[in-house]
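>>> got a structure for you, letters missing:
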């Protein structure tokens, strides 16, 4: 899904990345800014402003996440630290959004949705961890239904269309199913 999105949005991303490069913006600064904006979105969500949080995440934080890697490639600033930093802050950004959702559900008195939010957080982290651990063993592990882009799109849609309960159940189910798919994939190729 990510490769398709990267290919089909290149005509939008490349001119903006060119401008950023001319302005001397660093890829790691974009990564940090995207994380900070996701924290703002998480706070808005936690305060009950689902639409505002969803729009901040969708219209500001998501584009920055798309631009940081493209800027690094365009300016020949790709580093192992940059890739690591991006991955780590992506996890923190997801945690900020989901923590905001847990706070929202808690304020609504919806204890079950709080628990499901933590299941979604665990599943989200396990999708990333299973891939990272497999790659650490020299195995490719990009399989599965629900990569990060899918999770972010679902989060955005659930917030913008005011369907947080449906969204969190789907997120918990699909992210954990993807982690299980990756476990089974690694079992098959590592045997």
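Noted; the coordinates are in hand. For clarity, every value in this text was computed on a predicted model and none was experimentally measured.
>>> pLDDT of stretch 139-158, averaged?
For stretch 139-158, the mean per-residue pLDDT is 92.
>>> and what of stretch 17-33?
Mean predicted confidence for stretch 17-33 is 92.
>>> contact partners for residue 116?
168, 169, 172 (CB atoms under 8 Å, 6 or more residues apart in numbering). Backbone N, C-alpha and C define where each C-beta goes, glycine included.
>>> take these and keep only those in strands.
Judged by DSSP state E, those include no members of strands.
>>> what is the nearest of these to residue 137?
Top of the list for closeness to residue 137, among the contacts of residue 116 and by CB to CB, is residue 172 at 27.0 Å.
>>> shouldn't the closest one be in contact with residue 123?
Yes. Using CB atoms under 8 Å, residue 172 makes contact with residue 123 at a distance of 5.8 Å.
>>> which residue is most remote from the mean position of the chain?
Centroid-distance maximum for the chain: residue 191 at 30.7 Å, with CA atoms, centre = their mean.
>>> residue contacts, residue 183?
Residue 183 neighbours (CB under 8 Å, 6+ apart): residue 130.
>>> which element is it on?
helix 164-190 (DSSP states H and E).
>>> tell me the buried residues in that helix?
By neighbour count on 16 or more other CB atoms under 10 Å, the buried set for helix 164-190 is 164-165, 167-176, 178-179, 181-183, 185-186.
>>> so where is this protein shaky, pLDDT-wise?
Within the chain, the segments meeting pLDDT under 70 span 1-6, 8.
>>> where exactly do the helices run in it?
Using DSSP state H, the helices of the chain run over 2-8, 10-23, 27-46, 50-56, 62-74, 80-107, 111-136, 148-160, 164-190.
>>> including distance to residue 142, could those helices go into a markdown table?
Formatted as a markdown table, these follow (distance: least, CB to CB, whole Å):
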| stretch | distance to residue 142 |
| --- | --- |
| helix 2-8 | 9 |
| helix 10-23 | 20 |
| helix 27-46 | 21 |
| helix 50-56 | 27 |
| helix 62-74 | 16 |
| helix 80-107 | 14 |
| helix 111-136 | 7 |
| helix 148-160 | 11 |
| helix 164-190 | 9 |
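>>> and residue 130, how far is that from residue 67?
Residue 130 sits at a distance of 27 Å from residue 67 (criterion: CB to CB, to the nearest Å).
>>> whoops, I mixed them up, residue 114
For residue 114, the distance to residue 67 equals 33 Å [CB to CB].
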